[in-house]
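*Asks:* Here's my sequence, what's the structure:
(chains A, B, C and D)
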Protein chains: 2
Amino acid sequence: MTRRVRLSDVAALAKTSTKTASRVINGHSRVGSDTRARVEQAVRDLDYRPDPLARSLRRGTDDTIGVVVDEVSDPFFASVIGEIERMALDRGMTVIIASTQRLADRERIVVDGLLQRRVAGLIIASISDDHAHLRSAPCPVVFIDRAAAGLQADAVLVDDRAGARMGVDHLIAHGHRRIAYLGDRLGIDTARYRLDGYRESHKVADIPVREEYLIHMEPSLADGRHITEDLLALPEPPTAVFSANTRCSLRVLPTLHRMGRTDVAFVSFGDFATFEALTPPVTVIDHSPESIGRLAADRLLRRMAGEELAAKTMTTPLHLVPRGSGEVAP
Amino acid sequence: MTRRVRLSDVAALAKTSTKTASRVINGHSRVGSDTRARVEQAVRDLDYRPDPLARSLRRGTDDTIGVVVDEVSDPFFASVIGEIERMALDRGMTVIIASTQRLADRERIVVDGLLQRRVAGLIIASISDDHAHLRSAPCPVVFIDRAAAGLQADAVLVDDRAGARMGVDHLIAHGHRRIAYLGDRLGIDTARYRLDGYRESHKVADIPVREEYLIHMEPSLADGRHITEDLLALPEPPTAVFSANTRCSLRVLPTLHRMGRTDVAFVSFGDFATFEALTPPVTVIDHSPESIGRLAADRLLRRMAGEELAAKTMTTPLHLVPRGSGEVAP
DNA sequence: CCGCTATGGGTAATCGATGTCAAACAACGC
DNA sequence: GCGTTGTTTGACATCGATTACCCATAGCGG
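*Replies:* Okay, here's the model as predicted:
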C-alpha cells in the first residue's frame, strides 16, 4: 500500500483532464482514440483503481450486495450465503453480510446501516413483521426464507406449512400420535407457519395438539439438552419429534443419542451432511439452501441490471427423504 | 428512505455552521452549551445520521472490520465469524466478510478490495504464502488459522503439528499401522503442518508412511465418496483414517457409514455437533473456533483502539476427545 | 466566408463530512 | 484603554471521483 493513486494522477500522466480520464474508465461517450489509448496506458502504468468510496459517494450507489441473515453459523444460511457470494463474485461485486442474531431491533439498525452504505441490492431473511419502510428503498430488495410484510417484493421461500405437513403426516402415518414440535420462537414467521402445518396435520388426523409438546427455542439458548430431557420426562412423553429446522435438529439430536433414545422417531425440516450417517439415519424434509441463494441472487442481479420485473414469490421444491429415523414405530 | 438529511440541514436548523454541527456530533473540542443544545435538538428533529461513506472518505478510515476466510459455509469459519461479529457489533462496528474459495489470486483481489474500502482492521485466514504487501497495510491485521509469511503480525493459530500428532499417536497407540491421511491440498499451510505431524508420528513409531494413503482434497471437489471408496479398495486398505479438518470429515464420514465401514477407526481434527451422536461417536481433536474468533477480534479491536502491542502469536488449546471411533481396534 | 452541427475535451460544482486556520469575542491584568 | 490569552465559531479547502455545462475545433453546405 504505497500512496494512493488518484484519477488526477492518471490524467496528468495522460496529459488530459480528469473528466476525460473518467470517461475512458467508465466507457462513457466519445473519446478520441489516441487520447483513450494514452489514458489506458496511464491506468496500467500506475496500476490505478478507482476509489470505491469516492465513487459510491458521487454516484449514490455502490457495487455491493448486502445480505442480512439471522446468524452466519446457521448451516442453512451459511449455504445460502455461499451461493450468493459465488454468484456475486463472478460479476465482480462484493457481498457484505450482516447478522441480526434474530433480534428485530437489530435488524432495523443493520438494514439501515447497509442502505446508508448505498448497497446496490439487498437480500434479507427478515425477522421483523413490518417492511413498510423498505417500500421506498433506494435499491432492489429480495426476501429469502421469510416473506415481506406490507410490501410487494420478490421473495424466495420454502413452503413452510406444506413442509411441516409432509413431515408430521409422515410421522402420523407411521403410527405416532404423541409428536413433539421443536422450533424457533413464534415471533419468526417461518416458525409460525411450520407450527401451523404441524397443527393442520393433527387436525386432519383428528389428533389433539398437546401444548406441552410444543417447544419454542429462544435464539440465545445454547443447547438443547434440558429441553430434550424435560420433554422425555413428561408423564406421557412424545414418541416422535418434529424439528422445524436444522439448527434445532443439531442441538437436539446429540442429546437424544447421548440418552440412547433413538427409539423416539425424528424428522428434521432441513438436511445436513451427517444426518444420513446417524443410526438410524435422519429422515428429513429437504430443501436446497443453495438453490434459494441462487434464485435470490439471480433475481437481485437482474433487477440491479435494470430489468423491470413484477414482484414475484418463488418457492423452492421440497421433498421428504425417508431414511430411518422417521419410520421408527411408536 | 426519504431524501437524505445532510449535515448542512442540521446546521441550518440549528442556525450555525456545518463545522460546529460536526463538532457537536463528534464530541470534539469545546462548543458553547446553548449551541450544542440547538444542534442536538436539530439532530433529533431531523433524525440525522452521518453518511458513513462521506465520513470514511474524509477520515480515511471506516468503522468496519474486514474478515477474509476460505468459505463461509465451512463450519469452522462460520463459527469463527459468528464470534467476531458478536464482538464487533457490541462495539457498533460492521463486519464485511469476503471469501477466497481457497484461491490465492482471489485472496489478493479480495484483500485489496477491502483495503480500498479503508476497513479499520483485517482478520485474515490466508492461503497465500507471501504477505509482504501487507507490511505497510494502513490498518491492523490479525491472521487466523494460518500464520503470516514474511511479516511480523498477530496471529491466532492452532498447533497443527501437535494436533495431528495427538490424533495419529492415538490411533497408533490403539494398534493401527495402516492409517490414511485426509486433508486439503498442500498449498495450504495448515494442511502441510498437519501432514508433518502425521509423518512425525509415523517416524517416532517407526512406521513407514505409504504415499497411497495420503489424500489431498481439491477445494472444489464436491464429495468424498470416490476418495473413500478408492481408499478402501486398495490391496492393503487402511484400518484407520485421520481427517485433518472438519470439512473433510463431513465429506467422508457419511460415505464410510453408508458403506457400513465403521470398523475403520476415525479421528477428526475439528469437532462438529453431530459427531458425538454417530455410531460410534467420533473421536476428535477439539479446538474452539469461537475462542479463535474471540482472541482475534479482541486483539484487533485493541490495536484499532490505538494500543501499541508487539506482534504476538497466540495458540488455542487443543485436546483429544476420545469417543469411540478413534479407539476401534484394527 | 459565414453559420451550423458534431465531436472531443476542459472547468468547476458536487457528493457529505471533516480539518485548517483565522476571525470574533470575552475576560483578564496592567 | 490596551495588549494578551483563551474560548467559540465559521469560511474554505479537502478526501477522490463524477458530471453539468461550456468551449474549441473541424467539417459541411450555402
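*Asks:* okay, CA-based contacts and neighbour counts for the rest of this
*Replies:* OK.
*Asks:* quick one, phi psi at A:D298?
*Replies:* Main-chain torsions, A:D298, degrees, to the nearest 10: phi -60, psi -50.
*Asks:* let me fix that: A:F266
*Replies:* In terms of degrees, to the nearest 10, the main-chain angles of A:F266 are phi -150, psi 130.
*Asks:* Any stretches of the stretch 151-300 of chain A with poor pLDDT?
*Replies:* The model of the stretch 151-300 of chain A has pLDDT under 70 over residues A:219-223.
*Asks:* any idea where the helices of it begin and end?
*Replies:* Using DSSP state H, counting those that start in this stretch, the helices assigned to the stretch 151-300 of chain A run over residues A:160-173, A:189-204, A:225-232, A:246-258, A:289-304.
*Asks:* Of those helices, which is nearest DNA strand D?
*Replies:* DNA strand D sits nearest to helix A:289-304 of all the helices of the stretch 151-300 of chain A, at 15.7 Å, using CA to the nearest atom of the strand.
*Asks:* partners of the next helix-or-strand element following that closest one in the sheet?
*Replies:* Using DSSP states H and E, the helix or strand that follows helix A:289-304 in sequence is strand A:313-316. The pairing partners recorded for strand A:313-316 under DSSP bridges are strand A:154-158 (parallel).
*Asks:* Next, the buried residues of the partner strand.
*Replies:* A:D154, A:A155, A:V156, A:L157, A:V158 (16 or more other CA atoms under 10 Å in any protein chain shown).
*Asks:* go on, stretch A:173-182?
*Replies:* For stretch A:173-182, by 16+ other CA under 10 Å, it's A:H176, A:R177, A:R178, A:I179, A:A180, A:Y181, A:L182.
*Asks:* can you list the residues of chain A near DNA strand D?
*Replies:* Neighbours of DNA strand D within chain A, by CA under 7 Å from any atom of the strand: A:4-8, A:18-20, A:22-23, A:25-26, A:49-52, A:54-55, A:57-59.
*Asks:* hmm, try it at 6 Å
*Replies:* Applying CA under 6 Å from any atom of the strand, one finds that chain A approaches DNA strand D through A:4, A:6-8, A:18-19, A:22, A:49-51, A:54-55, A:57-59.
*Asks:* restrict those residues to those near DNA strand C?
*Replies:* Near DNA strand C, taking CA under 6 Å from any atom of the strand as the test, the members of those found are A:T18, A:K19, A:L57, A:R58.
*Asks:* how many neighbours does A:A137 have?
*Replies:* When neighbours are counted by other CA atoms under 10 Å in any protein chain shown, A:A137 registers 15.
*Asks:* Also A:S126?
*Replies:* By other CA under 10 Å, neighbour count at A:S126 equals 28.
*Asks:* Next, the closest residue to it other than its chain neighbours: secondary structure please.
*Replies:* Sequence neighbours aside, A:R146 is the residue nearest to A:S126 in space, at 6.2 Å (criterion: CA to CA, 6 or more residues apart in numbering or on different chains). Secondary structure state of A:R146, per DSSP: H, G, I helix; E, B strand; the rest coil, is coil.
*Asks:* Likewise for the one 3 residues further on?
*Replies:* Secondary structure of A:A149, reduced to three states by three-state DSSP: coil.
*Asks:* Name all residues that make contact with it.
*Replies:* A:D129, A:D130, A:H131, A:A132 (CA atoms under 8 Å, 6 or more residues apart in numbering or on different chains).
*Asks:* rewinding a little: okay, the ones next to DNA strand C among the residues of chain A next to DNA strand D in TSV with secondary structure next?
*Replies:* Output for these, formatted as TSV (three-state DSSP):
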residue	secondary structure
A:T18	helix
A:K19	helix
A:L57	helix
A:R58	helix
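*Asks:* mind checking the end-to-end distance for stretch A:165-183?
*Replies:* 14 Å (CA to CA, to the nearest Å).
*Asks:* Now do it: everything it contacts.
*Replies:* Contacts to stretch A:165-183, defined as CA under 8 Å, 6+ apart, come from residues A:191, A:194-195, A:197-198, A:200-201, A:205, A:207, A:213-217, A:237-245, A:248, A:265, A:267-269, A:284-285, A:320, A:326-330.
*Asks:* filter those residues to the buried ones?
*Replies:* Buried subset of the contacts of stretch A:165-183 (neighbour count, 16+ other CA under 10 Å): A:191, A:194-195, A:197-198, A:200-201, A:207, A:213-217, A:237-245, A:248, A:265, A:267-269, A:284-285, A:320, A:326-330.
*Asks:* A:D154 reaches A:D145, doesn't it?
*Replies:* No. Checked against CA atoms under 8 Å, the pair A:D154 and A:D145 is beyond contact range at 11.3 Å.
*Asks:* give me phi/psi at the spatially most central residue of chain A?
*Replies:* In chain A, the centroid-proximal residue (CA atoms, centre = their mean) is A:F77; its distance is 4.6 Å. Per-residue torsions, A:F77: phi -70, psi -40 (degrees, to the nearest 10).
*Asks:* which ones are touching it?
*Replies:* Residues near A:F77 by CA under 8 Å, 6+ apart: A:V69, A:D70, A:E71, A:P289.
*Asks:* For the last one, which non-adjacent residue is spatially closest?
*Replies:* For A:P289, ignoring the flanking residues on the chain, the nearest one in space by CA to CA, 6+ apart is A:V80 at 5.1 Å.
*Asks:* Settle this for me: that neighbour is touching A:A296, isn't it.
*Replies:* No. Using CA under 8 Å, A:V80 makes no contact with A:A296, being 9.2 Å away.
*Asks:* Where does the stretch 101-250 of chain A get nearest to DNA strand C, which residue?
*Replies:* Residue of the stretch 101-250 of chain A nearest DNA strand C, by CA to the nearest atom of the strand: A:Q116 (9.6 Å).
*Asks:* got a list of what that residue touches?
*Replies:* B:D51, B:P52, B:L53 are the contacts of A:Q116 under CA under 8 Å, 6+ apart.
*Asks:* Neighbour-wise, which one of those leads?
*Replies:* In terms of neighbours by other CA under 10 Å, the contacts of A:Q116 top out with B:L53 at 23 neighbours.
*Asks:* Next, see if stretch A:208-225 gets close to chain B.
*Replies:* No. Using CA under 8 Å from any CA of the partner chain, we find that stretch A:208-225 stays clear of chain B, coming within 10.4 Å at best.
*Asks:* Tell me the buried residues in that stretch?
*Replies:* Per 16+ other CA under 10 Å, stretch A:208-225 contains these buried residues: A:V209, A:Y213, A:L214, A:I215, A:H216, A:M217, A:G224, A:R225.
*Asks:* which residues are in contact with it?
*Replies:* So stretch A:208-225 is contacted by A:101-102, A:179-186, A:199, A:202, A:227, A:231, A:238, A:248, A:251-252, A:255 (CA under 8 Å, 6+ apart).
*Asks:* which one of the contacts of A:Q116 sits closest to DNA strand C?
*Replies:* Of all the contacts of A:Q116, DNA strand C sits closest to B:D51, with 4.2 Å by CA to the nearest atom of the strand.
*Asks:* Apart from its neighbours in sequence, what residue is nearest that closest one?
*Replies:* A:Q116 (6.4 Å).
*Asks:* Provide the secondary structure category for A:R30.
*Replies:* When classified by three-state DSSP, A:R30 comes out as coil.
*Asks:* Check the gap between it and A:T20 for me.
*Replies:* Note on A:R30: its distance to A:T20, by CA to CA, is 10 Å.
*Asks:* Which one of the two is surrounded by more residues?
*Replies:* Counting neighbours by other CA under 10 Å for A:R30 and for A:T20 shows that A:T20 has the greater number, 20 against 10.
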